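**Q** Here is the input, now give the coordinates:
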Amino acid sequence: MKYGLKIAMWVVLGVLAIATFGWITMQLWNWLIPSLFNGPIISFWQTLGLLVLSKIFFGSFSKGHHKDHRWAGYWKSRLNSMSPEEKEKFKQKMKEKWCYTPKPGQE
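**A** Sure, this is the predicted structure:
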């Protein structure tokens, strides 16, 4: 029974947190956007929709920044194991691939 009570408490707290965050966001929007940009006044449900949309687009609402470091160790070890000539060749290859500069006479 205590386990079910804990789950119910967390669900209620989660709903209250979402409602509070949505209400604060709605108040800030309705205070700033109409006066600064002549934008619309939005309802609570539109605010929650915007928050969900921003979550989809930007992946916010997380604890800290979850950057993808899976490749960092791989490339660090790979670059550290290269000789200076191999590093220079790699850098040149990346410049050719990603940094387009037209050759003289080609514009």
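**Q** Show me the shaky parts of the protein.
**A** 1, 60-69, 100-103, 105-107 (pLDDT under 70).
**Q** C-terminal to the top helix by length along the chain, what's the next element?
**A** Identified as the longest helix of the chain according to DSSP state H is helix 2-37. Remark: after helix 2-37, the chain's next helix or strand is helix 44-58, criterion DSSP states H and E.
**Q** how about that following helix: buried residues?
**A** Going by neighbour count (16 or more other Cβ atoms under 10 Å), the buried part of helix 44-58 is 47, 48, 51. (Glycine included, C-beta is placed from N, CA and C.)
**Q** just stretch 76-89 next, same as before
**A** Per 16+ other Cβ under 10 Å, stretch 76-89 contains no buried residues.
**Q** ends of it, how far apart?
**A** End-to-end distance of stretch 76-89 (Cα to Cα, to the nearest Å): 16 Å.
**Q** Go ahead and name everything in contact with that stretch.
**A** For stretch 76-89, contacts defined as Cβ atoms under 8 Å, 6 or more residues apart in numbering pick out residue 90.
**Q** so how far is it off the chain centroid?
**A** From the chain centre to the centre of stretch 76-89 is a distance of 31 Å (Cα atoms, centre = their mean, to the nearest Å).
**Q** same check, this time on stretch 42-53
**A** 18 Å.
**Q** just to revisit the earlier point, for the longest helix of the chain, packing partners?
**A** helix 44-58 (3 or more Cβ pairs under 8 Å, 6 or more residues apart in numbering; DSSP states H and E).
**Q** Report the backbone C-alpha coordinates of the helix it packs on in CSV.
**A** What follows is helix 44-58, C-alpha atoms only, in CSV (Å, rounded to 0.1, in the frame of the first residue of the first chain):
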residue,chain,number,x,y,z
PHE,A,44,-3.0,27.6,-20.7
TRP,A,45,-3.4,24.7,-23.2
GLN,A,46,-1.7,26.6,-26.0
THR,A,47,1.2,27.3,-23.5
LEU,A,48,1.5,23.6,-22.8
GLY,A,49,1.4,22.9,-26.5
LEU,A,50,4.3,25.3,-27.0
LEU,A,51,6.2,23.7,-24.2
VAL,A,52,5.8,20.3,-25.8
LEU,A,53,6.8,21.7,-29.2
SER,A,54,9.9,23.3,-27.8
LYS,A,55,10.7,19.9,-26.1
ILE,A,56,10.5,18.3,-29.5
PHE,A,57,12.5,20.9,-31.3
PHE,A,58,15.2,21.7,-28.7
